[in-house]
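Asks: Generate coordinates for the sequence data below:
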Amino acid sequence: MESKCLKFFGQQKKPLLFVGIFVFLVNFLLLAENYSSYLSIVLPKNSNQHVYYFGQRHFVNKSEKQILLWTRYFYDVDWESNVRRALSASCPHRCSVTTDKTAITGADAVLFHLLDLYFWETPPKYRAPHQVWVLHNAEPPPHQYYTGRTLAYSPFVFNWTFSYRQDSTIVAPYGHAFRKSKKALQQKFPLKDFAKEKSKMTYGVISNCVDDAGRFSYVKSLRKYTPIDLYGRCGNLSCPRDGSCDAILKPYRFGIAFENSNCKSYTSEKFWKALQRESIPLVNWVPEQIPPDAPPKSYINVREFEMEALAKHLKNIAENDTEYNSYFEWKKMYDARDGFFFDFCKLCKALHNESIPAQMVNFESWLSDDVCDHWTISSIFTRRIKNYFA
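Replies: The predicted structure is shown next:
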């Protein structure tokens, strides 16, 4: 048997060698093709750590700008209709959107979704001088799994970044709070009794039980001190992913809005949806994560309490209607909404803005500049081990 195995592998040695050489050459050619145009670049002095600015921008004045969605969105989600809807919803600037790759010659912006930059889906061969290549990202570093993107995309291939981070070219958070108009402020309406509508204590919706932030482990411990109804794959209750879920969760006084990662500027729709349900969000934010437009006294950060003290604090608020309603005083001055795609209107506005300088971003160094851990194969196992022993 051993001699047969040796004979078999001896026969396969040359074909395997040729396959290895072929794979190496393909990767080398991809790298060479995408890096070659950047080797001669002299980086300007008026630049920051990740973004490099240039004096001349090839701006084309057009009444309507065209956005080409080059990649998919989380591989199979149709995002063309969502982008088109956002651009047509009271957006003061005119932009069209397409996924037709033959429109590359006329596109003003080419949009790439980070987690769909697979090495076999290479960038366009054509690039007009006025074209802006935009990197779009909605996931924090612990969930930015590797797609082989560095094999096909140079670190300097993109001009703009478009994400939830506050240091993006186009800042697109998962939600917004904004001051009411003067007309709305002049209309004096008394705040309703929010406590009157609440009959349950705290809800949580968690489906990823082994995330980077350890949400499920924390909630399991917190349940020893205060009642929590847990929905999703990590709990024993279900909440449909449609409008009916809001009706199920609305009677709760508090809503767990823990993020799966504690990263720079990362605040997902969980916080904004809790505000819309008129529940007090319980958050697990680090300082770099706090949204700049979070309404004052609208949430409770669990990091400011020991667990048992937190449970007592929640009990005191729940039993005092005046104190509970004080967490909604912000509604006199502010409105809040969730919705990631609304900010495509910002992208459209930027395309019409001639004053934005020509620039390129080292997207790999920009992504790595964060306060949280990054995705690795070992991190997947580490999370599962932590969850097992929690």
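Asks: rest of the way, CA atoms for contacts and neighbours
Replies: Noted.
Asks: what are the ranges of the helices in the stretch 1-150 of the chain?
Replies: 2-35, 80-88, 149-152 (DSSP state H, counting those that start in this stretch).
Asks: just the strands in the stretch 51-200 of the chain please.
Replies: In the stretch 51-200 of the chain, the strands defined using DSSP state E, counting those that start in this stretch lie at 51-54, 65-69, 95-98, 109-113, 132-137, 160-163, 170-171, 175-179, 200-205.
Asks: One more: the stretch 201-350 of the chain?
Replies: 229-231, 252-256, 280-283, 300-301, 334-338.
Asks: Deepest-packed of these, please.
Replies: Scoring the strands of the stretch 201-350 of the chain by mean neighbour count under mean count of other CA atoms under 10 Å gives strand 252-256 as the most buried, with a mean of 26.
Asks: Kindly provide the distance from V157 to N325.
Replies: Separation of V157 from N325 (CA to CA, to the nearest Å): 50 Å.
Asks: Please apply the same query to C234.
Replies: Using CA to CA, we find C234 at a distance of 30 Å from N325.
Asks: Kindly report the same for Y75.
Replies: 43 Å.
Asks: what about the two, which has more around it?
Replies: More neighbours surround N325 than the other of Y75 and N325, with 18 against 12 (other CA atoms under 10 Å).
Asks: got the contact list for the closest residue to that one other than its chain neighbours?
Replies: Once flanking residues are discounted, N325 sits nearest to F194: 5.9 Å by CA to CA, 6 or more residues apart in numbering. With contacts defined as CA atoms under 8 Å, 6 or more residues apart in numbering, the neighbours of F194 are 278, 324-325, 328.
Asks: The residue lying closest to H143 once chain neighbours are set aside: neighbouring residues, count only.
Replies: In space, and not counting its chain neighbours, H143 is closest to W375: 5.9 Å by CA to CA, 6+ apart. By other CA under 10 Å, the residues close to W375 number 16.
Asks: So W375 sits against P141, correct?
Replies: Yes - using CA atoms under 8 Å, W375 is in contact with P141, at 6.1 Å.
Asks: Tell me where the model's unsure across the stretch 201-350 of the chain.
Replies: By pLDDT under 70, the stretch 201-350 of the chain has no low-scoring segment.
Asks: Apart from its neighbours in sequence, what residue is nearest D373?
Replies: P142 (6.0 Å).
Asks: same thing with R277?
Replies: K250 (5.2 Å).
Asks: quick one on the thing from earlier: lowest average pLDDT across the helices of the stretch 1-150 of the chain?
Replies: With a mean of 45, helix 2-35 has the lowest mean pLDDT of the helices of the stretch 1-150 of the chain.
Asks: Specify the residue ranges that define each domain of the protein.
Replies: Domains of the chain are assigned by automatic domain parsing as 41-172+342-389, 176-338.
Asks: ok, the residue nearest to D373 touching H374?
Replies: Yes - at 4.5 Å, P142 counts as touching H374 under the criterion of CA under 8 Å.
Asks: Comparing the two, which shows the higher neighbour count?
Replies: Shown here are P142 and H374; by other CA under 10 Å, P142 has more neighbours (20 against 17).
Asks: contacting residues for that one?
Replies: By CA under 8 Å, 6+ apart, the contact set of P142 is 212, 261, 372-376.
Asks: Looking at those residues, which is nearest Y174?
Replies: Checking those against Y174 by CA to CA gives S261 as the nearest, at 14.5 Å.
Asks: Number of residues surrounding that closest one?
Replies: With other CA under 10 Å as criterion, S261 counts 24.
Asks: coming back round to it: what would the strands of the stretch 201-350 of the chain look like in CSV with distance to H113?
Replies: Shown next, in CSV, are those (distance: least, CA to CA, whole Å):
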stretch, distance to H113
strand 229-231, 30
strand 252-256, 29
strand 280-283, 28
strand 300-301, 31
strand 334-338, 20
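Asks: With Y174 as the reference, name the closest of those strands.
Replies: strand 334-338 (5.9 Å).
Asks: so what strands line up beside that closest one?
Replies: Applying DSSP bridges, strand 334-338 is found paired with strand 175-179 (antiparallel).
Asks: With just CA atoms, put the partner strand into CSV.
Replies: Output in CSV follows, covering the C-alpha atoms of strand 175-179 (Å, rounded to 0.1, in the frame of the first residue of the first chain):
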residue,chain,number,x,y,z
GLY,A,175,-29.6,56.4,11.9
HIS,A,176,-29.9,60.1,12.7
ALA,A,177,-31.2,62.5,15.3
PHE,A,178,-31.9,66.0,14.1
ARG,A,179,-33.3,69.1,15.6
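Asks: what's the average pLDDT for it?
Replies: Mean per-residue pLDDT for strand 175-179: 93.
Asks: buried set for it?
Replies: Judged by neighbour count (16 or more other CA atoms under 10 Å), strand 175-179 contains these buried residues: 175-177, 179.
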